[in-house]
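1. 3D, please:
(one chain, ligands or ions: 2)
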Amino acid sequence: MMLPDPSIKYRPFVAVDLPDRQWPNQRITHPPVWCSVDMRDGNQALIDPMDLERKRRFFEMLVKIGFKEIEVGFPSASQIDFDYVRELIDNDLVPDDVSIQVLTQARPHLIERTFEALKGARKAIVHVYNATDPVFRRVVFNVDKPQCIKIATDATELIKQRMAEHPETDWTFQYSPELFTSTELDFAVEIVDAVAASYEPTPDKPMIVNLPATVEIATPNNYADQIEWFCRHVANRDSLVVSVHPHNDRGTGVAAAELAVMAGADRVEGTLFGNGERTGNVDIVTLAMNLYTQGVHPQLDFSNITPIMREVEHCNQLPVHPRHPYVGDLVFTAFSGSHQDAIKKGMTERRQHPDAMWAVPYLPIDPLDVGRSYEAVIRVNSQSGKGGVAYLLEEEHGIELPRRLSIEFSQVVQEVAERTGKEITSQMIYQAFADEYLDRTSPYALVNHRLSSEPDSPRVHLEAVIEDRDSRETLHGTANGPLAAFIKALGAHGLNIEIIDYHEHSRGQGAEAEAIAYVEVRIDDKAVFGVGIDESITSASMKAVMGALNRHLATHTEAAPNVTADTLK
Ligand SMILES: CC(=O)SCCNC(=O)CCNC(=O)[C@H](O)C(C)(C)COP(=O)(O)OP(=O)(O)OC[C@H]1O[C@@H](n2cnc3c(N)ncnc32)[C@H](O)[C@@H]1OP(=O)(O)O
Ligand SMILES: CC(C)C(=O)C(=O)O
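-> Residues are numbered from 1 along each chain as shown. Ligands and ions are numbered 1, 2, ... in the order given. Model (predicted):
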């Protein structure tokens, strides 16, 4: 049960004394060095750790994305990891510009086994860690500070010696004071200084100092303060690559990584989509795409992000959340009416100015840049408005509803959405549109028509054959245009119809092209819409009028189904 006063059980984090902090004024103008730890930190947190087949697929994908540093395992802890490292080296599967990284505890027998695993590697990073925070020193290791430092420096000496014995490998050394964020800052600097003094890095041959938020215990600004403080106080900063390794216990791993880079970190360790211990490691995809949306290329390629997500889901046997930034199945989709309306307007502007800076409302990124399509951008349910319905009809069926008609038709769709309680597909929307407007061919239907004109006269004469229930009638009308002539002809037949509004456009191209006409007419003092589609624009407009008439009769004569043309006179 939650405590009424949690302060008797939980301590707030200790803030860093750094009144002149500089990081808030920084901007990230180039990507950090990325290191994927999917195959180690991610893997150790899986219900079913990866087998060799899944490891191979993961590694190949990471290389394709563009990672140059990949932590492939903990070979002294697991036979599969050991065998996989051997497979990579023995079969020469690591590209020349990629370093494989492996983790080991600071214990001699594990370090020896690590070097066995790495024998013959072209480029390798040996990553050693020991926990440095006060709780671990007391509870887990039962050591004081000097003893804790000795664990780290003894390991460093041994690693340095083994590296020297294998000059055929291009070695990099990495040290992590595990639990850095809950370690006293001055002690973190002290232990790293001691490790660096043992290893003797230089600006030309730096070592990596990885400062993990093993458990995320504070707000991200505090992590940034810790990183800036560390960078200012550590010795020989120019011989160190400062790396961060945020976890996501408070849900702010991405923010922590970004602020840490602003605070001076050169490198970020994380995983694709944030798999990892507990709530996960920081998500490198989000970090990379956040950079991209600021106009900075992350140097990782997520141009086709969906297959990457599916591959990660396969390898980790864990789903990626449908709302995961930049990739989740629903993140490029708007269901709600006002969002759809704004997106539709933004997309229309975009089509007119395809080279302008990206500015489509509610979409922080162009879905096409990550291989997603505009098709899924708008989906319709009972929360949607006219904008979404109109967008889908336009994008997928080439039907550009006039504004007032789109308001009317959205009520039809809303009714279907509320009745079914489900998402309405674009096919269902089209069907509802056809049922409501296009298939209204009874009791009146246009059979054919003929137009003629007299020389030197703007007037046209129309002869139209229509079906009026069970009989065929031939109507005649003369006016300044075909539609007006048709209205005249209908009037002479006793059907008094007035055109209020008219729109038309073509749909499709070349031989396949069709015309769509939309009319709003007044019949019997009631306004009603009709829509007609035909190869000829004149026939489309006449069908639209017939459709409006049939809709009017269906709506206003339910009590008198035998209504005839006489009722409209
Ligand atoms: C934050 C992280 O993600 S760190 C990485 C965690 N990953 C893993 O642990 C991977 C899987 N690990 C394993 O398979 C095992 O823990 C092994 C093979 C590494 C070690 O196994 P064991 O020797 O049986 O030790 P065990 O797993 O019980 O670990 C506890 C021992 O390691 C010691 N230890 C833990 N971390 C370190 C370290 N970094 N350096 C030195 N000693 C360490 C502890 O003090 C403890 O020693 P003790 O038994 O003398 O008290
Ligand atoms: C070994 C270290 C870097 C680690 O995984 C962590 O602290 O989370």
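
2. can you pull out the strands in the stretch 351-500 of the chain?
-> Assigned by DSSP state E, counting those that start in this stretch, the stretch 351-500 of the chain shows strands spanning 444-453, 460-468, 471-479, 497-507.

3. no wait, the chain
-> For the chain, the strands defined by DSSP state E occupy 33-36, 69-73, 99-105, 123-131, 170-178, 207-213, 240-246, 267-270, 444-453, 460-468, 471-479, 497-507, 514-523, 526-534.

4. identify the bridge partners of residue 281.
-> Bridge pairing for residue 281 (DSSP bridges) gives the partners residue 247.

5. just give the nearest non-adjacent residue to residue 363, would you?
-> Of all residues beyond its chain neighbours, the one nearest residue 363 is residue 343 (6.5 Å), with distances taken as Cβ to Cβ, 6 or more residues apart in numbering. Glycine gets a C-beta too; all of them are placed from N, C-alpha and C.

6. that neighbour contacts residue 360, correct?
-> Yes: look at residue 343 against residue 360 with Cβ atoms under 8 Å: they come within range, at 6.3 Å.

7. got the contact list for the residue nearest the centre of the chain?
-> In the chain, the centroid-proximal residue (Cα atoms, centre = their mean) is residue 326; its distance is 2.1 Å. Contacts here follow Cβ atoms under 8 Å, 6 or more residues apart in numbering; on that basis residue 326 touches 285, 286, 289, 302, 305, 365, 370.

8. how much space separates the residue nearest to residue 363 from ligand 1?
-> For residue 343, the distance to ligand 1 equals 42 Å [Cβ to the nearest ligand atom, to the nearest Å].

9. mind checking pLDDT for that residue?
-> pLDDT recorded at residue 343 is 91.

10. swap in residue 561?
-> For residue 561, the model assigns a pLDDT of 37.

11. so the residue in the stretch 351-500 of the chain that ligand 2 sits nearest to versus residue 162, what's the distance?
-> In the stretch 351-500 of the chain, the residue that lies nearest ligand 2 is residue 370 (28.3 Å; Cβ to the nearest ligand atom). Separation of residue 370 from residue 162 (Cβ to Cβ, to the nearest Å): 43 Å.

12. go on, residue 38?
-> From residue 38 across to residue 162, the span is 26 Å (Cβ to Cβ).

13. who's more crowded, the two?
-> A count of neighbours by other Cβ atoms under 10 Å puts residue 38 above the other of residue 38 and residue 162, at 29 against 17.

14. give the contact list for residue 57.
-> Counted by Cβ under 8 Å, 6+ apart, residue 57 has contacts 311, 314, 315.

15. okay, and the helix or strand of this structure with the least pLDDT?
-> Of all helical and strand segments in the chain, the minimum by mean pLDDT, DSSP states H and E falls on helix 386-397, at a mean of 88.

16. for that helix, which helices and strands make contact with it?
-> Applying 3 or more Cβ pairs under 8 Å, 6 or more residues apart in numbering; DSSP states H and E, we find helix 386-397 packed against helix 337-352, helix 403-420, helix 426-433.

17. of all those helices, which one is nearest residue 499?
-> helix 403-420 (13.8 Å; Cβ to Cβ).

18. pLDDT of the closest one, averaged?
-> What helix 403-420 shows for mean pLDDT is 91.

19. which bits of this protein sit near ligand 2?
-> The chain has residues 41, 103, 129, 176, 178, 210, 212, 214, 245, 247 near ligand 2, with proximity defined as Cβ under 6 Å from any ligand atom.

20. by neighbours, which of those residues wins?
-> residue 245 (28 neighbours).

21. hang on, isn't that residue packed against residue 176?
-> Yes: the criterion here is Cβ under 8 Å, and residue 245 meets it with residue 176 at 7.0 Å.

22. find residues that contact each of these two.
-> 210, 211, 212.

23. sorry, back to before: could you identify which of the strands of the stretch 351-500 of the chain is most buried?
-> Scoring the strands of the stretch 351-500 of the chain by mean neighbour count under mean count of other Cβ atoms under 10 Å gives strand 460-468 as the most buried, with a mean of 19.

24. averaged pLDDT, it. What do you get?
-> On average, the pLDDT along strand 460-468 is 95.

25. send me that strand as PDB with only the CA atoms.
-> Output of strand 460-468 as PDB, limited to C-alpha atoms (Å, rounded to 0.1, in the frame of the first residue of the first chain):
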ATOM      1  CA  VAL A 460     -28.400  24.700 -75.900                       C
ATOM      2  CA  HIS A 461     -31.300  22.400 -76.400                       C
ATOM      3  CA  LEU A 462     -31.400  19.200 -74.300                       C
ATOM      4  CA  GLU A 463     -33.400  16.100 -74.900                       C
ATOM      5  CA  ALA A 464     -33.200  13.700 -71.900                       C
ATOM      6  CA  VAL A 465     -34.800  10.300 -71.500                       C
ATOM      7  CA  ILE A 466     -35.500   9.500 -67.900                       C
ATOM      8  CA  GLU A 467     -37.000   6.700 -66.000                       C
ATOM      9  CA  ASP A 468     -39.900   7.800 -63.900                       C
END
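
26. who does it touch, helix- and strand-wise?
-> Counting contacts by 3+ Cβ pairs under 8 Å, 6+ apart, strand 460-468 packs against strand 444-453, strand 471-479, helix 482-492.

27. I'd like these as CSV, with mean pLDDT appended.
-> Formatted as CSV, these follow (pLDDT from 0 to 100):
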stretch, mean pLDDT
strand 444-453, 95
strand 471-479, 96
helix 482-492, 96
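
28. can you redo those as TSV with distance to ligand 1?
-> Below are the helices and strands packed on strand 460-468 laid out as TSV (distance: least, Cβ to the nearest ligand atom, whole Å):
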stretch	distance to ligand 1
strand 444-453	74
strand 471-479	83
helix 482-492	75
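
29. I'd like these as TSV, with distance to residue 399 appended.
-> TSV is the format used below for the helices and strands packed on strand 460-468 (distance: least, Cβ to Cβ, whole Å):
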stretch	distance to residue 399
strand 444-453	20
strand 471-479	28
helix 482-492	20
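
30. quick one: closest of these to residue 172.
-> Nearest to residue 172, of all the helices and strands packed on strand 460-468, is helix 482-492, at 78.4 Å by Cβ to Cβ.

31. can you pull the buried residues of that closest one?
-> Buried residues in helix 482-492, counting neighbours by 16 or more other Cβ atoms under 10 Å, are found at 482, 483, 484, 485, 486, 487, 488, 489, 490, 491.

32. repeat for stretch 186-193
-> Taking 16+ other Cβ under 10 Å as the criterion, stretch 186-193 shows 187, 188, 189, 190, 191, 192 as buried.

33. cool, stretch 142-150 as well?
-> Buried residues in stretch 142-150, counted by 16+ other Cβ under 10 Å: 143, 148, 149, 150.

34. now swap in stretch 518-529 and tell me
-> 518, 519, 520, 521, 523, 528, 529.

35. now do the contacts for the fourth one.
-> Taking Cβ under 8 Å, 6+ apart as the definition of contact, the neighbours of residue 521 are 497, 498, 499, 500, 527, 528, 529, 530, 545, 548, 549.

36. can you check the pLDDT for residue 567?
-> 44.
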